[in-house]
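Participant: here is a sequence together with a model predicted from it:
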Amino acid sequence: MGQYTSFIKDFPARCRELLETYPEERLRRGLPDRSVTTMLCVASAVLTIPRERLQQNKLRNGTDVSHPERQKFEQASAVFDADQNALLTQSRYWSVLQAGVQFKVQARPTEFNVAAYGSFPEDYQTWEFFRVLRNALAHGNIYTGFDPKRITNLTFGSNPTDKRAKAQGLELSDYELITLEVDALSAFLHVWLDFLTELPLPEAMQNTGQAAD
């Protein structure tokens, strides 16, 4: 087990290695395909580290409850904000998403499986896309498609933000659903991991402990 030189820098690179090698290694050993499960495990982690530390968080009353170190890492936070505040359709992720992503809003699903069929609102921002995926992963609001033999797409669900609900005339109990083809999710994660690897993090943020493989 190799030591981390810089956890927040090394972690995305090692997650990329898992995405690229672990599923193939299982197949070579004659084990069941777990490529989608690997992607979900990686996504659960890399949509949190270091995003939760850099993003701006405000309560409904406007109180800023962002991580106290956000202001300390001004350069990284500025790059992060520019990435997350971009319109999704103009973001670095759209070229790998557009052919394999759908969106819709509906009442909270009660059926075993659902899927989205539609386009994102024109003003939909990148952070909103990340928010739905992150919340769906955190709360288990993931639907695995209708093919009984293999997973070809995944649908992530989360309640809308107050701002989005007001703008679109939605109920806060409604669900935003994002359906991603498996290949689109994989490509998206690779682009996000590239971004994290290039993020200008100062040494104080990089050296975060003695974690190992």
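Facilitator: Cool, the structure landed. Residues are numbered from 1 along each chain as shown.
Participant: so where do the helices sit in this structure?
Facilitator: 7-28, 35-46, 51-54, 74-85, 94-97, 126-139, 162-168, 182-198, 203-206 (DSSP state H).
Participant: out of those helices, the one nearest residue 118 is which?
Facilitator: Proximity to residue 118 (Cβ to Cβ) singles out helix 162-168 among the helices of the chain, at 12.4 Å. (C-beta placed from N, C-alpha, C; glycine too.)
Participant: name the residues of the closest one that are buried.
Facilitator: For helix 162-168, the neighbour count (16 or more other Cβ atoms under 10 Å) marks 164, 165 as buried.
Participant: next: stretch 86-106.
Facilitator: By neighbour count on 16+ other Cβ under 10 Å, the buried set for stretch 86-106 is 86, 88-89, 91, 93-94, 96-97, 100-105.
Participant: returning to that earlier point: mind checking the helices of the chain for the one nearest to residue 155?
Facilitator: helix 126-139 (8.3 Å).
Participant: give me the angle between the closest one and helix 182-198.
Facilitator: Helix 126-139 runs at 110 degrees relative to helix 182-198, counting by axes from the mean of the first three to the mean of the last three Cα atoms, to 10 degrees.
Participant: and the angle for helix 126-139 with helix 35-46?
Facilitator: Going by the same axes, to 10 degrees, helix 126-139 makes 110 degrees with helix 35-46.
Participant: got the buried residues for stretch 191-203?
Facilitator: Buried residues in stretch 191-203, counted by 16+ other Cβ under 10 Å: 191, 192, 193, 196, 199, 201.
Participant: what's the answer for stretch 102-120, then?
Facilitator: Of all the residues in stretch 102-120, those buried under the rule 16+ other Cβ under 10 Å are 102, 103, 104, 105, 114, 116, 120.
Participant: coming back round to it: among the buried residues of stretch 86-106, which two are most distant?
Facilitator: Spanning the widest gap among those are 96 and 105, at 23.5 Å by Cβ to Cβ.
Participant: on that earlier part again, same list (the buried residues of stretch 191-203) but as TSV, adding distance to residue 37 and pLDDT.
Facilitator: TSV is the format used below for the buried residues of stretch 191-203 (distance: Cβ to Cβ, whole Å; pLDDT from 0 to 100):
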residue	distance to residue 37	pLDDT
191	21	97
192	18	96
193	18	94
196	21	90
199	27	85
201	29	72
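Participant: mind putting these in TSV, distance to residue 135 included?
Facilitator: As requested, these are arranged in TSV below (distance: Cβ to Cβ, whole Å):
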residue	distance to residue 135
191	20
192	16
193	20
196	19
199	22
201	25
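Participant: wait, which of those is closest to residue 53?
Facilitator: Residue 53 has its nearest neighbour among those in residue 201, at 9.8 Å by Cβ to Cβ.
Participant: what about that closest one, distance to residue 34?
Facilitator: Plainly put, residue 201 is 31 Å away from residue 34 if you go by Cβ to Cβ, to the nearest Å.
Participant: now do the contacts for residue 124.
Facilitator: Applying Cβ atoms under 8 Å, 6 or more residues apart in numbering, one finds that residue 124 lies in contact with 87, 88, 89, 103.
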